[in-house]
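Asker: Take a look and give me a structure for this.
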Amino acid sequence: MSHEGIRFASKDEKAREQEQNRPLPRIAMTPEKVRVLLSEGKGLEIDWKDGHKSAWSFVWLRNACPCATCVEEREQEGRKPGESKPKSAELLPMYAPPPRPGSVIPVGRYALQFNWLDGHSTGIYSWEYLRRNCQCNECTFAEAAPGGVPN
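Answerer: Numbering: from 1, shown residues only. You can find the predicted model right below:
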């Protein structure tokens with residue numbers, strides 16, 4: 001019997017997965033202020049109602065697209081949200097401009113949708129998705145620490 005494609009999670013991985021899927025309080029997923037730094041080409045900043053502040057670069061956001069196609073591609077390649085695709089082994093790789101949205105639109109009261117200049121626009125970035133993937137030092141440190149809990 002072949003076990004190809006089956007992954008057995010360790011106890012640490014299971015605990016980390018359970019922690020990642022734990023319910024967040026509504027206040028932690030409610031933005032107080034949202035800034036899309038489109039003209040500066042920087043990224044997205046959110047001040048949350050619970051006092052936490054988060055920021056993501058456009059590069060990270062594009063590489064973390066939550067649409068089904070991008071999620072499946074990342075899973076097949078073993079990449080985490082925000083992690084870049086492996087570089088091509090070509091001798092002279094073609095220059096690719098950094099990802100940047102042409103526009104951003106709110107989706108109801110729960111998310112943002114980026115219309116990327118590369119033509120991709122199917123990802124809907126919910127407040128919960130963004131908060132669970134906060135890139136601030138505090139949250140990335142907590143994620144790396146065993147039993148760490150992002151604020």
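
Asker: mind listing the strands in this structure by residue range?
Answerer: 31-36, 43-48, 53-57, 101-107, 111-116, 124-126 (DSSP state E).

Asker: Present those strands as TSV; the columns should include mean neighbour count and mean pLDDT.
Answerer: Where you see a C-beta, it was placed from the backbone N, CA and C, and this is true even at glycine. Output for the strands of the chain, formatted as TSV (neighbours: other Cβ atoms under 10 Å; pLDDT from 0 to 100):
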stretch	mean neighbour count	mean pLDDT
strand 31-36	14	97
strand 43-48	19	97
strand 53-57	17	97
strand 101-107	14	96
strand 111-116	19	98
strand 124-126	18	98
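
Asker: Nearest to residue 138 among those strands would be which one?
Answerer: Proximity to residue 138 (Cβ to Cβ) singles out strand 53-57 among the strands of the chain, at 9.4 Å.

Asker: Can you list the strands that that closest one pairs with?
Answerer: strand 43-48 (antiparallel) (DSSP bridges).

Asker: residue contacts, the residue nearest the centre of the chain?
Answerer: Geometric centre of the chain, nearest residue: residue 64, 4.1 Å, by Cα atoms, centre = their mean. Contact partners of residue 64, counting by Cβ atoms under 8 Å, 6 or more residues apart in numbering, are 56, 81, 82, 133.

Asker: now swap in residue 61 and tell me
Answerer: Residue 61 touches 43, 44, 82, 99, 114, 125, counting by Cβ under 8 Å, 6+ apart.

Asker: so can I have TSV of these showing distance to residue 21?
Answerer: Below are the contacts of residue 61 laid out as TSV (distance: Cβ to Cβ, whole Å):
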residue	distance to residue 21
43	26
44	23
82	18
99	28
114	25
125	18
